[in-house]
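Colleague: no letters, just coordinates:
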């Protein structure tokens, strides 16, 4: 079985699980990837957040299918987790779940924009950015809103600010 076919099958299994298990009804698949030495990484997210129990239920479900179908043979590693801070947002739903958080957006022209994710619309995000303007001898800080179309975004990463 080719890698693409396997990851599509895993994604399909996850969709079925999320549609039929009320404990996981608000979950969604972010990424499924197969790495060397049969390491299958599954990243899932949820509108209510991912916790250990959700990852455990998903992992056991997938292990049952992987073992009974022999898709990865007898030896494999399965990792099920949330994408976590530092991994780029991939889906519109992830953007929506991160409204209010500080993000760094890399644009197609390789420039970056930083700010608080204020809103997510169908075709764009709205960042709230603090800018400093000089008025005479004073510097005034104000907040502006910047709309960034999804088509201009290369990646968006949630940043933890302390």
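Modeller: Sure, I can see it. Just so it is clear, the model here is predicted, and its values are computed rather than measured. Numbering: from 1, shown residues only.

Colleague: neighbouring strands - and their directions - for the helix or strand harbouring residue 118?
Modeller: Assigned by DSSP states H and E, residue 118 belongs to strand 112-120. Applying DSSP bridges, strand 112-120 is found paired with strand 102-107 (antiparallel), strand 124-135 (antiparallel).

Colleague: if you average pLDDT over each of those, which is lowest?
Modeller: Among the strands paired with strand 112-120, strand 124-135 has the lowest mean pLDDT, at a mean of 93.

Colleague: now whichever helix or strand residue 61 is part of: buried residues?
Modeller: Per DSSP H and E, residue 61 falls inside helix 52-69. Buried residues in helix 52-69, counted by 16 or more other C-beta atoms under 10 Å: 54-55, 57-58, 61-62, 66. For the C-beta atoms, the positions are set from N, CA and C on the backbone; glycine is no exception.

Colleague: just want the most central residue of this protein.
Modeller: Per C-alpha atoms, centre = their mean, the C-alpha nearest to the average position across the chain is that of residue 89, at 4.1 Å.

Colleague: what about residue 22, distance to residue 100?
Modeller: Counting by C-beta to C-beta, to the nearest Å, the gap from residue 22 to residue 100 is 27 Å.

Colleague: more neighbours: which of these two?
Modeller: Counted by other C-beta atoms under 10 Å, residue 22 and residue 100 do not tie: residue 100 has more neighbours, with 10 against 6.

Colleague: so that one: helix, strand or coil?
Modeller: Classification of residue 100 by DSSP: H, G, I helix; E, B strand; the rest coil places it in coil.

Colleague: one more: the one 10 residues further on?
Modeller: Secondary structure for residue 110, judged by three-state DSSP, is coil.

Colleague: quick one: pLDDT of it?
Modeller: 97.

Colleague: now name the helix or strand holding the closest residue to it other than its chain neighbours.
Modeller: Spatial nearest neighbour of residue 110, excluding adjacent residues (C-beta to C-beta, 6 or more residues apart in numbering): residue 154 at 7.7 Å. If you go by DSSP H and E, residue 154 is part of strand 153-158.
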